[in-house]
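Enquirer: quick one, fold the following:
(chains A, B and C)
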Amino acid sequence: MNFDVAFGQYCEGDSILHRLDPRAKIIMSLLYIVDVFLAKNVFAFALLTSFTVAMAVLSRIKPRILLRGLKPVIFIMIFTGVINVFWYRGAEGAKPLVDWWIFTIYPAGILNAVLIVLRVVLLIAGTSLILTYTTTPLALTDGLERLLSPLAKIKVPVHEFSLMMTIALRFIPTLIEETGKIMDAQKARGASFSEGSLVKRAKALIPVLVPLFASSFRRADELAVAMECRCYRGGKGRTRMNVLKATFKDFAGVIVIILLGVSLVLLNKYTDAFALGF
Amino acid sequence: MSKIIKAENVSFSYEGDTPEERVEVLKNISFEIEEGSFTAILGRNGSGKSTLAKLLCMINLPDSGRLEVDGIEVTREDVTEDEIYEARRDVGMVFQNPDNQIVATIVEDDVAFGPENLGIPSEEIRKRVDGALEAVGMSEYARHSASRLSGGQKQRVAIAGALAMKRKCIIFDESTAMLDPLGRKEVMKNILRLNKEDGITVLLITHYMNEASLADRVIVIDNGGIIMDGRPSEVFSEVDKMWEAGLDVPQTTELLQRLRDAGLDVPKDIFDPAECAAVIKAALADRGCAI
Amino acid sequence: MNLNTEKCAAEFRGVSFTYNKGIAYEKKAVRSVSLKIYGGCVTGLIGSTGSGKSTLIKMLNGLVKPDEGEVIVDGTNIWDKKVKIRDVRFKVGLVMQYPEYQLFDETVSEDIAFGPKNMGISGDELKRRVAEAAKFSGLDPDLLEKSPFDISGGQKRRAALAGVIAMTPSLLVLDEPAAGLDPAGRREILGRIKNYQRESGNSVVIVSHSMEDVAKYCDRLAVMNKGEIVLYDETDRVFSHGEELRDMGLDVPEITKVAEELARLGVDVGNDVYTVKYAAERLIEKYGLGK
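Expert: Predicted structure coming up:
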């Protein structure tokens, strides 16, 4: 079972994007999302696309893997694309490209659809490049914990929450493997998970879920004892082996994304090209 | 030699829902463990040995009796939580299921978990983690995902976790039970090394008699009490008593016992196959058998 | 040895299996294995971790479908279109490692009845089977109406074993049935399995890491290495290949090592020694001890 590899989509590497501080990357990806929505006209989109492609090249992640990440949203992309093609007319009095039965397609509609789909593609590709493809789940929770640490002052259990995330990530592969084993064991006793009505199939899961829950509780119990043995007593007084130190490159990264946003706004304003209708 | 653990008349019961369901697991146990020694604890399932391990790690405290760990009397009426925490720093435990004691996804992050809890400065943790992983031969796996390691490797990571905390004493609670022979060998090699070279006190709870035969001392627990305590040779020579306690003896001991019963004058306490063969040959020669 | 080599319980004909075929981490687990499992005996399957043992036994009841080759149970190819794979699972009972973690029903007896019920058995026949299976596995009858989560570890293991025996499979396959048990528990469960084989006349396959255990309880041994069967013979003959076994990361029983050492010293006890009892008898007989 190679679930831990697939999960969180992390791709091993040592590029500049991999090495950035997770906190910087979380901020960068938030700002990047804003940037994507700032882009309005063709020039702005061209800049944004080039920027994202440049990041992809920098990350040295195979394009095939990047495209695979888009797979789950293909339906949404097609749907928004089609809607835009038919509904958007562009400027008043424009000549339709196709006018047949109830279908009227304007050139502006096609352009608009292309930009909207591009927006979805960039949104997903960009954030996964900055965040999920280049950051381990652990670094992510770590970064999140530290970004949110001021909230601890108002009694938000930031450390506990982050530890919970860490442990959950750690145990996902273990529990998946365990589920497989239990299913095999019950199949060996004649259980069938793929036959019969929906109700019957749901019922067939009981012999899997009960042992799985029992085992999760047992594991949780043992882990709690192990943690206590290792002198864990909450986040107070704890230190960290890997101290996150924001360096020049991390600030630079955030600034680059901000500058990108500024450029996009300027391009929208001072260049004259086709712009998104809504 | 100083004693790292002193237990006097220690008893412990698990509470049931009703007073009748109360189970007395340990009954007036007394023993001392010397610093730097290697003690094996044997006993059938349910004999109370894992409960004892939990008392020594102070996960549970005895109901009665006196328990002193590294000079701190943890059974004192007015013992503070900080004192117990202090005592716990010195005694580590490696559990049976390697999966249920690894907290972090990445190997080195897991080894760092203990030292981080102790509030040790970052650079020092880094040094200790690197050193500990090297000591158990897992340096090349430092950045690997723990879930992809073999059982024996996971247990070595757990040992590294204890080393990084600079534990004085490590309890192995059936740590080799779920491993294959190769994994067991790896872990035993590491246990012996950290006892002989680093002087760490080792308490080894096991069902494998040949592992116990490597210890300086064997304690046999049955029905909540200590029934045998001595050098491996002394304990294993009591073949019948061991069988009664639901245990076993190494095959060499059993063979020598059978030969002794048949009148051959061989010693009781040999665990190494080559040595065993040598004493049998010598005894046969003494008898004047033609070889 | 009165082996019924005529009767064949199951057969592999050139089976191969590769995990993650075509993607990363591709691993060839079983490489064109051909093997006949004989009727009416206990066959041991040994091999180091990753040698393909688990995959091979999962092929016996169709949990794993071979990429190539045929699996024959009761004279029919189990992947034939006319065969329902579920029916094969009732003929080949598979007890997985740590089977106690699959218990789920409200009472032990209902859990044991899960398999037979899936076969369509009910009423008195069902009751009879549950009672008989519980008896074979040595389960305490008082525990039958308790929750499987409230009984001890050893009893849970027996309940899980009973759950498979209750399907009255003609071939019973067990993956490490004694893992994690104390010596008495090991003796008990393996003795029960051996006894089950004798009384029912059915065939049994045991996968184990313990050379001492397979030496004691198996009539025949199949040795797997890197996905292939490299040795398949009667137990004593397999253990006379000590050198080859060690090269595969396996071991021979301690007592076999003693016999090898004795042979080196000129005390010849034969190269087929693999139990303590036999070794002692040979020495006593050869040198006229005990008189």
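Enquirer: excluding chain neighbours, give the residue nearest to C:Val130 in space.
Expert: Once flanking residues are discounted, C:Val130 sits nearest to C:Ile112: 4.8 Å by CB to CB, 6 or more residues apart in numbering or on different chains. For every residue, glycine as well, the C-beta is placed using N, CA and C.
Enquirer: I'd guessed the one you found sits against C:Leu161; true?
Expert: No - assessed by CB atoms under 8 Å, C:Ile112 is found out of contact with C:Leu161, at 9.4 Å.
Enquirer: okay, the two: which has more neighbours?
Expert: The neighbour count for C:Ile112 versus C:Leu161, taken as other CB atoms under 10 Å in any protein chain shown, is higher for C:Ile112 (33 against 28).
Enquirer: for C:Ile78, see how far away the more buried one is.
Expert: Going from C:Ile112 to C:Ile78 by CB to CB, to the nearest Å gives 25 Å.
Enquirer: same question for C:Leu35.
Expert: In terms of CB to CB, C:Leu35 sits 15 Å off from C:Ile78.
Enquirer: which one of those two is surrounded by more residues?
Expert: C:Ile78 (24 against 16).
Enquirer: residue contacts, the more buried one?
Expert: C:62, C:71-72, C:85, C:88 (CB atoms under 8 Å, 6 or more residues apart in numbering or on different chains).
Enquirer: SS state for the residue nearest to C:Val130?
Expert: Under DSSP: H, G, I helix; E, B strand; the rest coil, the three-state class of C:Ile112 is helix.
Enquirer: in the stretch 151-291 of chain C, which spans are helices?
Expert: C:153-165, C:183-200, C:211-217, C:235-239, C:242-247, C:254-264, C:276-286 (DSSP state H, counting those that start in this stretch).
Enquirer: among these, which is nearest chain A?
Expert: Across those, chain A has its closest neighbour in helix C:153-165 (6.3 Å, CB to the nearest CB).
Enquirer: packing partners for the closest one?
Expert: Applying 3 or more CB pairs under 8 Å, 6 or more residues apart in numbering or on different chains; DSSP states H and E, we find helix C:153-165 packed against strand C:92-95, helix C:108-118, helix C:123-136, strand C:171-175, helix C:183-200.
Enquirer: quick one: closest of those to B:Gly246.
Expert: The closest of those to B:Gly246 is helix C:183-200. By CB to CB, the value is 3.4 Å.
Enquirer: so that closest one, near chain B or not?
Expert: Yes - for helix C:183-200 and chain B, the contact criterion (CB under 8 Å from any CB of the partner chain) is met by C:183-185.
Enquirer: please convert the buried members of those residues into PyMOL selection syntax.
Expert: The following PyMOL line selects those of those that are buried, judged by 16 or more other CB atoms under 10 Å in any protein chain shown:
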select buried, chain C and resi 183+184+185
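Enquirer: for B:Ser175, which non-adjacent residue is spatially closest?
Expert: Nearest residue to B:Ser175 in three dimensions, chain neighbours excluded: B:Val94, at 4.5 Å (CB to CB, 6+ apart).
Enquirer: so how far is B:Val202 from the one you found?
Expert: 10 Å.
Enquirer: repeat that for B:Leu149.
Expert: 23 Å.
Enquirer: compare the two (neighbour count), which wins?
Expert: When B:Leu149 is set against B:Val202 and neighbours are counted by other CB under 10 Å, the residue ahead is B:Val202, at 22 against 18.
Enquirer: using CSV, list the CA coordinates for the helix or strand hosting the more buried one.
Expert: If you go by DSSP states H and E, B:Val202 is part of strand B:201-205. The C-alpha coordinates for strand B:201-205 follow below in CSV (Å, rounded to 0.1, in the frame of the first residue of the first chain):
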residue,chain,number,x,y,z
THR,B,201,20.1,-0.6,32.4
VAL,B,202,17.9,-3.0,30.4
LEU,B,203,14.8,-4.8,31.5
LEU,B,204,13.7,-7.2,28.8
ILE,B,205,10.2,-8.8,29.0
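Enquirer: list of residues touching it?
Expert: The contact list for strand B:201-205 (CB under 8 Å, 6+ apart) reads B:4, B:33-42, B:49-50, B:53, B:56, B:168-174, B:191, B:194-195, B:211-212, B:215.
Enquirer: got it, and stretch A:65-74?
Expert: With CB under 8 Å, 6+ apart, stretch A:65-74 has contacts from A:9, A:11, A:56, A:77, A:120-121, A:124-125, A:128-129, A:133.
Enquirer: same deal with stretch A:218-232?
Expert: With CB under 8 Å, 6+ apart as the test, stretch A:218-232 has contacts from A:167, A:171, A:174, B:54, B:57, B:59, B:85, B:88-89, B:92-93, B:95, B:97, B:99-101, B:103, B:113-114, B:117-118, B:161, B:165.
Enquirer: now the strands for the chain?
Expert: No chain was given, so I picked chain A. A:98-100, A:103-105 (DSSP state E).
Enquirer: actually it's chain B I care about, not the one you picked
Expert: B:3-14, B:23-34, B:38-42, B:64-69, B:72-73, B:91-94, B:169-173, B:201-205, B:217-222, B:225-230.
Enquirer: list the buried residues of the last one.
Expert: To tie it back to what came earlier, the one meant is strand B:225-230. Under 16+ other CB under 10 Å, the buried positions of strand B:225-230 are B:226-228.
Enquirer: direction included, what does it pair against?
Expert: strand B:217-222 (antiparallel) (DSSP bridges).
Enquirer: hang on, the earlier thing: would you format the helices and strands packed on helix C:153-165 as TSV with mean pLDDT included?
Expert: TSV is the format used below for these (pLDDT from 0 to 100):
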stretch	mean pLDDT
strand C:92-95	96
helix C:108-118	96
helix C:123-136	95
strand C:171-175	96
helix C:183-200	94
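Enquirer: now render these as TSV, adding distance to A:Gly180.
Expert: Shown next, in TSV, are the helices and strands packed on helix C:153-165 (distance: least, CB to CB, whole Å):
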stretch	distance to A:Gly180
strand C:92-95	14
helix C:108-118	19
helix C:123-136	26
strand C:171-175	14
helix C:183-200	25
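Enquirer: most neighbours per residue, which of the ones you listed?
Expert: Sort the helices and strands packed on helix C:153-165 by mean neighbour count, taking mean count of other CB atoms under 10 Å in any protein chain shown, and strand C:92-95 sits at the top with a mean of 27.
Enquirer: which residues are in contact with that strand?
Expert: Taking CB under 8 Å, 6+ apart as the rule, strand C:92-95 contacts A:185, A:188, C:10, C:57-58, C:60-61, C:63, C:73, C:115, C:160-161, C:164-165, C:167, C:169-175, C:177.
Enquirer: before we move on, what about stretch C:138-145?
Expert: Residues outside stretch C:138-145 that contact it (CB under 8 Å, 6+ apart) are C:107-109, C:112, C:130-131, C:134-135, C:151, C:155, C:158-159, C:162, C:188-189, C:192.
Enquirer: count of neighbours near C:Asp142?
Expert: Neighbours of C:Asp142 under the rule other CB under 10 Å: 8.
Enquirer: closest residue of chain C to chain A?
Expert: Proximity of chain C to chain A (CB to the nearest CB) peaks at C:Asn118, 3.1 Å away.
Enquirer: good, we can wrap up now.
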